[in-house]
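Participant: Just need the structure, nothing else, for what follows:
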Amino acid sequence: MILRYAITDPSHYTREPSTLKERLFTTLSSMRVDLICLRDKRAPNYSEPARSFLSLRSDFPDVKFLLHTDVALAARLGADGIHLPSHAFDRIAEAKEKGLWTIVSTHTLHEAEKAQREGADAVTFSPIFDTPGKGPAQGLEKLKEIRDKISIKLFALGGIVTEEQIEAVERAGADGFASIRYFVPPMTPCKEI
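Facilitator: Model (predicted):
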């Protein structure tokens with residue numbers, strides 16, 4: 001069964017801790033999610049929403065909770081893991097030393113192979129399908145090529161919003177898929193961002 005990886009975005013979930021927690025609870029209660037990452041590249045104080053995010057772990061013990069980029073914070077707050085951007089391969093060893101399950105964003109075969117060599121547990125490879133602001137889609141054939149070259153977990157990312165796309169990436173050999181928009185329950189978008 002394909003793994004389902006929800007990635008948050010403040011435009012859908014907000015930065016305000018109690019609203020963030022409420023919206024995440026809705027998502028995690030209404031959909032199957034195996035992993036979830038609190039992604040907010042511009043939060044002035046990422047630790048506040050991170051604490052609220054991680055407070056949901058006791059309600060959803062089967063979900064792996066990941067923070068984005070900040071290895072020290074993830075370890076200090078007891079996150080299950082970390083999602084590192086493609087420019088942070090040098091942080092993989094540190095994350096692993098701190099006991100964090102580690103996934104790295106990749107966009108090329110070279111990056112996926114490097115993440116594996118450096119000890120990552122998994123990679124996202126993107127964009128598979130067209131997605132706003134992310135450049136041309138790499139497609140399913142490229143995803144298959146990556147699958148054939150690495151042995152760590154591979155998550156397809158980028159433009160995955162339908163069950164048909166999920167089935168297609170699973171047929172291409174992905175262990176899982178990651179998405180922002182697929183996991184957003186119907187709600188009013190946040191205006192604070």
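Participant: And the one helix or strand in the chain whose mean pLDDT sits lowest, what does it pack against?
Facilitator: Confidence across the helices and strands of the chain bottoms out at helix 10-13, with a mean of 88, counting by mean pLDDT, DSSP states H and E. Contacts defined by 3 or more C-beta pairs under 8 Å, 6 or more residues apart in numbering; DSSP states H and E place helix 10-13 against helix 17-30. Any C-beta I mention is one placed from the backbone N, CA and C, and that applies to glycine too.
Participant: Give the buried residues for the helix it packs on.
Facilitator: Along helix 17-30, these residues count as buried under the neighbour rule (16 or more other C-beta atoms under 10 Å): Leu20, Lys21, Arg23, Leu24, Thr27, Leu28.
Participant: same thing with stretch 127-136?
Facilitator: For stretch 127-136, the buried set under the neighbour-count rule, 16+ other C-beta under 10 Å, comprises Pro127, Ile128, Phe129, Thr131.
Participant: Ends of it, what's the gap?
Facilitator: Distances were taken as C-alpha to C-alpha, to the nearest Å; on that basis the terminal residues of stretch 127-136 are 7 Å apart.
Participant: so Leu77 sits right up against Ala50, yeah?
Facilitator: Yes: taking contacts as C-beta atoms under 8 Å, Leu77 lies within contact range of Ala50: 5.9 Å.
Participant: Neighbour count for those two, which is higher?
Facilitator: Regarding Leu77 and Ala50, a neighbour count based on other C-beta atoms under 10 Å identifies Ala50 as having more, with 24 against 16.
Participant: Can you classify the more buried one by secondary structure?
Facilitator: State at Ala50, reduced to three classes by DSSP: H, G, I helix; E, B strand; the rest coil: helix.
Participant: Which pLDDT value does the model give it?
Facilitator: Ala50 is assigned a pLDDT of 97 by the prediction.
Participant: now swap in Gly133 and tell me
Facilitator: Checking the pLDDT column for Gly133, the value is 77.
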